[in-house]
Every structure is written in C-alpha cells, then in structure tokens.
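J.: I would like to see how this sequence folds:
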Amino acid sequence: MSTPMSTLNKAQKLIKMIELMNRRGGIRAQEFMETFDLDQRTLRRYLADMRELDLPIEDRGFGADRTIALDPSYRRTGVQLTLPEVLSLHFGRRLFTFLDGTQFAADMDDAIERLEPAIPRAHADLTRTLDRKFMAVPEHAKDYRDHGDLLDELITALLYENPVRAEYHKPDGQPKKYELEPYTLATYRQGLYVFARDRADGKLKTFAVERFGKLERLRVEKFVVPSDYKPEDVLSDSFGITRGEPAQVSAVFDASVARFVRERTWHKSQTVQDLPDGRVRISLRVGVSQELVQWLLSYSGAVSVEGPEELVTRLRDAHLAALGRYEIREKAA
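T.: Numbers count the residues shown, from 1 in each chain. Have a look, this model is predicted:
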C-alpha cells in the first residue's frame, strides 16, 4: 500500500509538494498542512527552501485558505485528467481489490497516487469521497497475498516472453510439472488465470494462478507469440473460464425467472425465444463445463434443459445426489 505522507522525510515531502503544486489550480495551504502533517511555520520554511531552489512559487490569498501553485510557465506539460477519466481510474482500481496485499496492487496504488497532480483543482474536492460514491461489491475472492513473488515472476515472464518451468496442482491435489509459454493473464470472478502453451504437447491451456506451487522464469530463453493469437479467441466457445468441446445447449426457464434471464447476455452465441406462457428459451453454443452446470443448478426447479444429453445427465445426477442427501437427513431425524 502507499506510504503515508506524514512518514516521509523532508526531501521526499518536498518532491511530493512540488507535484501537488504542479497541479492545475495549485493546492490550498490547509490541504498541504493536513496531507504532510505540517504547521504554518514549517510550511513557510518548506516554501522558503523551494524558493531558494529558484522554483517560481505563487502564493495567493490569506492564511490556511490561500492557494499555493507553481507558475504556469514552469508547469510540466502533460495530461490533465477529466472528471470521467478520474472516475474510471478509481472504479477500475476498485475492481482489483482481490489483489490487495500483493505488490501488483501496491504498484497500482502508487501509479494512481502519481497521477494525482494531473487532477484539475476544480475536480480535486469532488474526488475525496469517491469511496462512498462508487464501489465494486466483492465476490468470493481468491487470496493472493502469499503469491506475491510468484505473481512478479509470472508477470515478468509475460512481458519479456520468457518461458516458465512450473509445478501445478490439479483440483485433486496431484502436482504435475510443466514447461509453459505464458501468453495472457486473465481475471475471472475475482481470480487470476493464465493462458499458456504447454511445450509438451503444443496445446494452449488455462491455469489457475493459485494452483502453481512453484514457478521459475527461464530468463535466458525467449518464445514468440503467434501473430494471429487473440486472447478472446481462447474462450470464444466457453461459458466462463473453462474450455471444452462446444455443443448446442437449449434450456427453458420458467416465467418466474424469465425476466432475470433476459436481463443478461450469457454468451455471444445466445438466442432468446419468448414462449406463449411467459417462459423463455435460451439457446447457446458452448462447451459443457462446470461453470455451465453451476449456472443451471442455481435456477433449481425453474429450468428444464432440453439438450445436449451429456448436460441433462450431469444435471439430473446432481439433483438426485442432493435429494439423496436430504432424504438421508430426514430419515435420521
């Protein structure tokens, strides 16, 4: 996370103060004192030190409400963020709260902090309460706080196109060794996944980052990503993150849930058919995956799957297994 301004040494505070004065419209003296834990006397001394460095400081107004800025002729040329851009940046960061505790999240926080001087003075006050105005409701997130070093190694391998040697634990807990060429790091439901080519069989596969037990970047080696590779193509026939052989899926949802089903686009291949009795039929071409099964199970008795037979069988078996558990409990009672 970012270092509190009050804990910085004097040289670090001066650098940060120059960045804030460089902001369009400058900064109020009161904000300076609160941000850096300064009193009026110390602030005057800091400003005097900067003037001795020939910085063209403009000090307009009186007392704590006066505005302190650098002369516009000195101000660095660069971007000025619009209010929608500030909101997008803030909201985008909130979507990655599941990475808190990792260096990845700390770097994002530092980058946003460094962009603060690019926020116009007129918008600065509006941005102080964004955490109360915009939020991303957390899902059941995976915990990456103990995977910081592994993430750093993986991201570096992605950027420099180095292969990696990895030990990966499958869902049953059994480890398997791989030599991979990582193409893309993807997020899905508060989790991180890697699309990587398995050098053993040449196939592109999906790996959950938290299941890597070990990962070593092969620094002296390079690989080439195919020029026609597009990460969105990897999951073009997937319902979620899991890949599979595509099949034509058809499901009819009861009128009681039809509105909820219509409100979302579940897959780019979907077609929606309204039925006379208020029910709705959804047809899509996707792989039969665990995510698809869980989605349909979430509607319980309010959906009837018409095909394919493999999916019908999996759902029937899941419902029968659940029913069996409840019957056992009733008999035991």
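J.: what residues of stretch 282-297 count as buried?
T.: 282-289, 291-293, 296 (16 or more other Cβ atoms under 10 Å). C-beta coordinates here come from the backbone N, C-alpha and C atoms, glycine included.
J.: now those residues in a markdown table, with secondary structure and pLDDT?
T.: Shown next, in a markdown table, are the buried residues of stretch 282-297 (DSSP: H, G, I helix; E, B strand; the rest coil; pLDDT from 0 to 100):
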| residue | secondary structure | pLDDT |
| --- | --- | --- |
| I282 | strand | 95 |
| S283 | strand | 95 |
| L284 | strand | 94 |
| R285 | strand | 95 |
| V286 | strand | 93 |
| G287 | strand | 92 |
| V288 | coil | 92 |
| S289 | coil | 90 |
| E291 | helix | 91 |
| L292 | helix | 93 |
| V293 | helix | 93 |
| L296 | helix | 94 |
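J.: ok, so of those residues, who is nearest I18?
T.: Of all the buried residues of stretch 282-297, E291 has the smallest distance to I18: 50.4 Å, by Cβ to Cβ.
J.: residues in contact with the closest one?
T.: E291 makes contact with 239-242, according to Cβ atoms under 8 Å, 6 or more residues apart in numbering.
J.: for P231, what are phi and psi?
T.: As for P231, its main-chain torsions (degrees, to the nearest 10) stand at phi -60, psi -30.
J.: for it, what are its contacts?
T.: Shown in contact with P231 (Cβ under 8 Å, 6+ apart): 183-184, 186, 195.
J.: would JSON lines of the residues you listed with neighbour count, distance to R24 and secondary structure be doable?
T.: Putting those into JSON lines (neighbours: other Cβ atoms under 10 Å; distance: Cβ to Cβ, whole Å; DSSP: H, G, I helix; E, B strand; the rest coil) gives the following:
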{"residue": "Y183", "neighbour count": "19", "distance to R24": "41", "secondary structure": "strand"}
{"residue": "T184", "neighbour count": "17", "distance to R24": "37", "secondary structure": "strand"}
{"residue": "A186", "neighbour count": "17", "distance to R24": "37", "secondary structure": "strand"}
{"residue": "F195", "neighbour count": "22", "distance to R24": "41", "secondary structure": "strand"}
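J.: no further questions, thank you.
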